[in-house]
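*Asks:* return a 3D structure for these sequence lines:
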Amino acid sequence: MPNLISSHSVPATLAASVILVALAGAVIAGPFEDASAAYNSQDYATAYRLFRTLADSGNVYAQGAIGVMYAKGQGVPRNDAEAVKWYRLAADGGNAESQLALARMYETGRGVSQSDVEAATWYRRAADQGESWAQTNLGVKYARGQGVPQDYVAAYMWFDLSAAQGDQVAVSNRDAAARRMTAAQIAEAQKLAHEWKPKPER
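*Replies:* Take a look at the predicted model:
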């Protein structure tokens, strides 16, 4: 579907960087702040050591950060399979940013076998928590019928939710989807978006 619906088709490493941006706002005192400070000053060896201690004890934010470091080769050799392993731990723990990053890995086939079904599954988990890029990319999956049945009502709903957060890609996609829908379908999608509520981390 050229020139109609577009995703946030950024490299998985850039999608992974979203995790670290999100982590900067995470209120986790002490060792996590020290690890973040080391990362931000590009002392990756120290950052990895501190994040790894936290990650091994089950901290999903630190697990996501370790995934980023493996995806980008920061302080450790670049290793997509290891990145996927850490993203999955954090994603299974409910971290939306890691769910988004894991979805991108499945979409691009980095560190895992490419799978639109798995990508859509992980986009959905992050989208359910209100992650706007995941909402946009899940909308793309529905619009194109990739990994999910083609469904313009669902696509419009997810685009509309992401657009409400200011995502301009979602605005364009929503308008493009609307041109392929009836007035009744648009009304249904708008109703679904209005009634939607974010789910807690899962």
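*Asks:* contacts for stretch 115-126?
*Replies:* Stretch 115-126 is contacted from outside by 91, 96-97, 99-100, 102-104, 106-107, 112, 134, 137-138, 141, 146-148, 202, using C-beta atoms under 8 Å, 6 or more residues apart in numbering. C-betas here are computed from N, CA, C, even on glycine.
*Asks:* please identify which helix or strand holds residue 33.
*Replies:* helix 31-40 (DSSP states H and E).
*Asks:* report the buried residues of the helix or strand that that helix is followed by.
*Replies:* On the C-terminal side of helix 31-40, the closest following helix or strand by DSSP H and E is helix 44-56. For helix 44-56, the neighbour count (16 or more other C-beta atoms under 10 Å) marks 44, 47, 48, 50, 51, 52, 54, 55 as buried.
*Asks:* I'd like to know how far the second one sits from residue 55.
*Replies:* Residue 47 sits 12 Å away from residue 55, going by C-beta to C-beta, to the nearest Å.
*Asks:* equivalent analysis for the first one, please.
*Replies:* As for residue 44, its distance to residue 55 is 15 Å (criterion: C-beta to C-beta).
*Asks:* for the spatially closest residue to residue 74 that is not a sequence neighbour, give me its contacts.
*Replies:* Computed as C-beta to C-beta, 6 or more residues apart in numbering, the closest residue to residue 74 that is not its neighbour in sequence is residue 44, at 4.5 Å. Contact partners of residue 44, counting by C-beta under 8 Å, 6+ apart, are 38, 69, 74, 75, 76.
*Asks:* and the contacts of stretch 115-126, which are buried?
*Replies:* 91, 96-97, 99-100, 102-104, 106-107, 112, 134, 137-138, 141, 147-148.
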